[in-house]
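**Q** sequence first, then the predicted structure, then my questions.
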Amino acid sequence: MPSSHNVVFVRLQVIGMHHWANAPERQAFLRVSHRHTFTIEVTLTVPHGDRAVECFDLVDRVTKRLEQFRDRDGVHQFGHMSCENIAEFIAQDLEGVGHRGVSVLEDGMQGGGVWQYA
């Protein structure tokens with residue numbers, strides 16, 4: 001019989017800039033800092049279905065984690081960080097919470113992420 005797990009997930013968007021310094025020649029345009037709307041989704045396993053983790057608190061936690069990248073205009077300056085790097089950075093703050101998955105999409109289309117097991 002398959003097992004099931006309760007999860008909570010949140011999705012938020014931030015405007016940000018990043019670049020890929022070592023992009024191959026065919027994608028050289030990625031070497032220059034460029035803008036995306038990054039869609040971030042965080043999924044956590046929880047022990048029960050009665051707000052073990054409140055979604056609003058989770059959004060606040062992720063927003064606070066990313067605050068150090070936010071410039072005075074509200075744009076997140078991620079530098080050389082890939083979607084996978086941003087996801088790992090967020091997931092580090094959630095250690096001890098349970099199994100967690102973080103995905104980061106560029107303009108809602110493609111991206112990367114990480115799944116970590118407690």
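**A** On my side now, so go ahead.

**Q** and the pLDDT for the closest residue to residue 106 other than its chain neighbours?
**A** When the adjacent residues along the chain are set aside, residue 106 lies closest to residue 36, with 4.4 Å between them (Cβ to Cβ, 6 or more residues apart in numbering). All C-beta atoms are positioned from the backbone trio N, CA, C, and that covers glycine. The pLDDT attached to residue 36 in the predicted structure is 98.

**Q** list the buried residues for whichever strand or helix holds residue 36?
**A** Element membership of residue 36 [criterion: DSSP states H and E] is strand 34-46. With burial defined by 16 or more other Cβ atoms under 10 Å, the residues of strand 34-46 counted as buried are 36, 38-46.

**Q** ok, the residue nearest to residue 106 touching residue 18?
**A** Yes - A contact is recorded between residue 36 and residue 18 when judged using Cβ atoms under 8 Å, the distance being 7.3 Å.

**Q** and the residue nearest to residue 29 when sequence neighbours are not counted, what pLDDT?
**A** Using Cβ to Cβ, 6+ apart and skipping the chain neighbours, the partner closest in space to residue 29 is residue 23 (7.7 Å). Looking at residue 23, its pLDDT stands at 97.

**Q** how deep is residue 23 tucked in, by neighbour count?
**A** Each residue near residue 23 was counted by other Cβ atoms under 10 Å, and the total is 13.

**Q** backbone dihedrals for it, please?
**A** phi -60, psi 140 (degrees, to the nearest 10).

**Q** do you know how far it is from residue 8?
**A** 36 Å (Cβ to Cβ, to the nearest Å).

**Q** over to residue 29?
**A** Between residue 29 and residue 8 the distance is 38 Å, computed by Cβ to Cβ.
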